[in-house]
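> Got a predicted structure plus its sequence, pasted below:
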Amino acid sequence: MPSNLTLYNSLTRRKESFKPLVEGHVGLYVCGPTVYNPVHLGNCRTFVSFDIIYRYLMAKGYRVRYVRNITDVGHLTDDGEDRMSKGARLEQLEPMEVAQKFSNQFHDMMRTFNALPPSIEPRATGHIIEQIEMVREILKNGYAYEVNGSVYFDVEAYNNANDDRYGELSGRRIDELMAESRELKAQDEKRNPSDFAIWMRASDDHILRWDSPWGPGFPGWHLECSAMSTKYLGEQFDIHGGGNDLKFPHHENEIAQNVGACHHGGARYWLHTNMLLMNGKKMSKSDGNTITPEQLFSGESKHVSEGYSPMVIRFFMLQTHYRSTMDLSDEALQAAKKGYGRLMDAWQSLSELEAGGSAQNGTVGKELMAGLEAAYAEMDDDFNTPKAVARIFELVTRINALKGGQLSLDEVSADTLASFKERLGTLLFDVLGLRDEAAGAGAEQEALDKVMQIVLDLRQQARADKDWALSDKLRDALSAAGITVKDGKDGASWSI
RNA sequence: GGUUGGGUGGCCGAGUGGCUAGGCAAAGGUCUGCAAAACCUUGUACGGCGGUUCGAAUCCGCUCCCAACCUCCA
């Protein structure tokens, strides 16, 4: 499998050629959501980005094991309350009911955005044993200490034994961290402020609790990812992904735990997606600078002038590289909506094109195939979807010109046309994960197609009779019903 | 304060030391009964100040501004 794939590794801060540990296979771990409240759009951006990465790796022929966890324990609020318990108290539900409810909601939203499910979706609460085992290993290796039923990772000991490794991902230095530390809960139990809990003693009123060698407690927030990535992908694996805001401390601590337990840092390539902004600021659950996907779909928000469909939003995401911040604005969404429409119209037009009968390609046929290969090549460059989309739009112009007669189909051989259709479809729908929302399915759509054909035939007759009043009346009435009629060389077409 | 990454034409957003991404908007044209769509053409942008270079938006230095992380977040 020839691969020219390069990707930007956060660990080295360089683009590197991608070489999987095992030829032909890729292990991919992505930090999933903490399911204590509804997903918001920023989450969606990250998971759509990794969905495209997952899809592209598969399209290149790799067998990918994609692990994306669900965090349902250990993630505390500022007050030290577990997020699950807090959600449960507020909604008068069992903690696991909360987790289930928002997991379901999360899955629905991923489906809405046409993001494929991962190969394995492990839950933190389902891997308590593995996490306890990992704590034991870390203790055994001398990188942690127990105080009053809690176990803390000893960053200093880790650094001394591993050549000051802590901070390798985020570029942080331990002395700076210490200088900046503040009063945190259980601070007095820690030897150093930069130490972090890998197992926490449960207070009497703490609902989520498990027995452990150190008494009843629960795992620290960062531990589940270390334990589950190790379990399903091995002590060393290929790619670890997540949002930029997880780089520190979450991912940094993950590496430390992995090294602490198995002497390996886990992933060899770290990929981080950048934040979704609104009004120039990070879209964030905690400070309310947010718009829910539902609001975006319905348009019920002061931030948008109308609703935008999931595929318009996905297309909008494609136009920004995953490592760049993406600023959401109504104007940009408007542009994306039109661009997406033009792209899908062209796809429709392409499907209706028929080869001119030439056995040989002319310039146009060669340009089509070259442009398509260029688009794929852009994906090889750190999954550069904006450039790939740019190349695709150059093809859109050609497709439209073929349809409109400005370019001749005699320049495209039948073989080329067929493989072009197939390869473009793969890129658009299998790799980029778009869906043609206008193309309905089923009996209703079929009936509508037939009805529209009748109406357009009637109008065509009126036009032939130069009965402009009638033809315009039909067009206006359809327009009022939300259907746009476009007169072309070979008759009229319509779109909703 | 420290760490990381940014500031690109009306808006969004890629990008390489020289061969002017792309989308949207705008202008002109072709086509059309009209309209829409489509096609063709047009904009010569790169925070500021220096420096390196034959040549820099792209490399270096300084400076201004912005964001993220350092506390829960994708």
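Yes, it's here. Numbering: from 1, shown residues only, chains lettered A, B, ... in the order given.
> Low-confidence bits of the stretch 101-250 of chain A, can you list those?
Across the stretch 101-250 of chain A, residues meeting the criterion (pLDDT under 70) sit at A:175-187.
> Find the closest residue to RNA strand B in it.
Closest residue of the stretch 101-250 of chain A to RNA strand B, CB to the nearest atom of the strand: residue A:243 (1.6 Å). Where C-beta positions appear, they are placed from N, C-alpha and C, glycine not excepted.
> Contacts only, for that residue.
Contacts for residue A:243 were tallied using CB atoms under 8 Å, 6 or more residues apart in numbering; they are A:31, A:42, A:46, A:272-273, A:275.
> next one: residue A:325
A:274-277.
> which of the residues you listed come close to RNA strand B?
A:275-277 (CB under 7 Å from any atom of the strand).
> quick one: which of those sit in helices?
If you go by DSSP state H, those have nothing in helices.
> Distance to residue A:399 for those residues - can I get that in TSV?
Converted to TSV, these look like this (distance: CB to CB, whole Å):
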residue	distance to residue A:399
A:275	35
A:276	32
A:277	34
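> ok, those residues vs residue A:111, which is closest?
residue A:276 (19.8 Å; CB to CB).
> what number of residues lie near residue A:98?
23 (other CB atoms under 10 Å).
> and if you look at the one 5 residues further on?
The local packing of residue A:103 (other CB under 10 Å) involves 19 other residues.
> How much space separates it from residue A:222?
As judged by CB to CB, to the nearest Å, residue A:103 and residue A:222 stand 20 Å apart.
> Can you tell me which residues in the stretch 201-350 of chain A are near RNA strand B?
A:221, A:242-250, A:273, A:275-277, A:280-286, A:319-321, A:324-327, A:329, A:331-332, A:334-336, A:338-339, A:342, A:345.
> Mind checking which of those residues are buried?
A:221, A:242-244, A:246-247, A:249-250, A:273, A:275-277, A:282-284, A:319-321, A:326, A:336, A:339, A:345 (16 or more other CB atoms under 10 Å).
> Format the CA atom coordinates belonging to the strand or helix carrying residue A:443 as CSV.
Using DSSP states H and E, the element containing residue A:443 is helix A:442-464. C-alpha atoms of helix A:442-464 as CSV (Å, rounded to 0.1, in the frame of the first residue of the first chain):
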residue,chain,number,x,y,z
GLY,A,442,-38.2,6.2,-1.3
ALA,A,443,-41.6,6.3,-2.9
GLU,A,444,-42.5,9.8,-2.0
GLN,A,445,-39.4,11.1,-3.8
GLU,A,446,-40.2,9.0,-6.8
ALA,A,447,-43.7,10.4,-6.9
LEU,A,448,-42.5,13.9,-6.6
ASP,A,449,-40.0,13.4,-9.4
LYS,A,450,-42.9,12.2,-11.7
VAL,A,451,-45.2,15.1,-10.7
MET,A,452,-42.5,17.6,-11.3
GLN,A,453,-41.8,16.1,-14.7
ILE,A,454,-45.5,16.5,-15.6
VAL,A,455,-45.4,20.1,-14.5
LEU,A,456,-42.3,20.9,-16.3
ASP,A,457,-43.6,19.2,-19.5
LEU,A,458,-46.7,21.4,-19.3
ARG,A,459,-44.6,24.5,-18.9
GLN,A,460,-42.4,23.4,-21.8
GLN,A,461,-45.4,23.2,-24.0
ALA,A,462,-46.5,26.6,-22.9
ARG,A,463,-43.1,28.0,-23.8
ALA,A,464,-43.2,26.3,-27.1
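> Next, the residues that contact that helix from outside, please.
The contact list for helix A:442-464 (CB under 8 Å, 6+ apart) reads A:439-440, A:468, A:470-471, A:474-475, A:478, A:483, A:485, A:491-492, A:494.
> how far does that helix sit from the chain's center?
Distance of helix A:442-464 from the chain centroid (CA atoms, centre = their mean, to the nearest Å) equals 39 Å.
> now do stretch A:280-300
Using CA atoms, centre = their mean, the distance from the centre of stretch A:280-300 to the centre of the chain it belongs to is 17 Å.
> what about residue A:40, neighbour count?
Residue A:40: 19 neighbours (other CB under 10 Å).
> ok, now residue A:241?
Counted with other CB under 10 Å, residues neighbouring residue A:241 total 26.
> Where do the domain boundaries of chain A fall?
A:19-273, A:278-431, A:442-495 (automatic domain parsing).
> and among the ones you listed, the most buried is which?
domain A:19-273 (a mean of 19; mean count of other CB atoms under 10 Å).
> now the helices for the stretch 251-400 of chain A?
Remark: helices assigned in the stretch 251-400 of chain A by DSSP state H, counting those that start in this stretch are A:252-262, A:293-298, A:310-318, A:330-352, A:363-380, A:385-404.
> So what angle separates the directions of the third one and helix A:385-404?
What that stands for is helix A:310-318. Per axes from the mean of the first three to the mean of the last three CA atoms, to 10 degrees, the angle that helix A:310-318 makes with helix A:385-404 is 120 degrees.
> which residues are contacting stretch A:137-150?
Under CB under 8 Å, 6+ apart, the answer for stretch A:137-150 is A:135, A:151-154, A:157-158, A:161, A:186, A:189-191, A:197-201, A:214-217, A:256-257, A:260-263.
> Which of the residues you listed fall within strands?
A:151-153, A:197-201, A:217 (DSSP state E).
> Which strand or helix spans residue A:51?
Using DSSP H and E, residue A:51 falls within helix A:41-59.
> which other helices and strands contact the next helix or strand after that helix?
For helix A:41-59, the following helix or strand on the C-terminal side (DSSP H and E) is strand A:63-68. Judged by 3 or more CB pairs under 8 Å, 6 or more residues apart in numbering; DSSP states H and E, strand A:63-68 is in contact with strand A:25-30, helix A:41-59, helix A:223-233.
> Using CSV, write out every CA atom in the second one.
The reference is to helix A:41-59. As requested, the backbone C-alpha atoms of helix A:41-59 are provided in CSV (Å, rounded to 0.1, in the frame of the first residue of the first chain):
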residue,chain,number,x,y,z
LEU,A,41,-21.1,22.3,18.4
GLY,A,42,-17.5,22.5,19.4
ASN,A,43,-17.6,18.7,20.2
CYS,A,44,-19.2,18.1,16.9
ARG,A,45,-16.4,19.9,15.1
THR,A,46,-13.7,17.8,16.7
PHE,A,47,-15.5,14.5,16.0
VAL,A,48,-16.3,15.4,12.4
SER,A,49,-12.7,16.2,11.9
PHE,A,50,-11.6,12.8,13.2
ASP,A,51,-14.4,11.2,11.3
ILE,A,52,-12.8,12.5,8.1
ILE,A,53,-9.4,11.3,9.2
TYR,A,54,-10.9,7.8,10.0
ARG,A,55,-12.7,7.7,6.6
TYR,A,56,-9.6,8.8,4.7
LEU,A,57,-7.4,6.2,6.4
MET,A,58,-9.9,3.6,5.4
ALA,A,59,-10.1,4.9,1.9
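> quick one, strands of the stretch 1-150 of chain A?
For the stretch 1-150 of chain A, the strands defined by DSSP state E, counting those that start in this stretch cover A:6-9, A:14-17, A:25-30, A:63-68, A:144-147, A:150-153.
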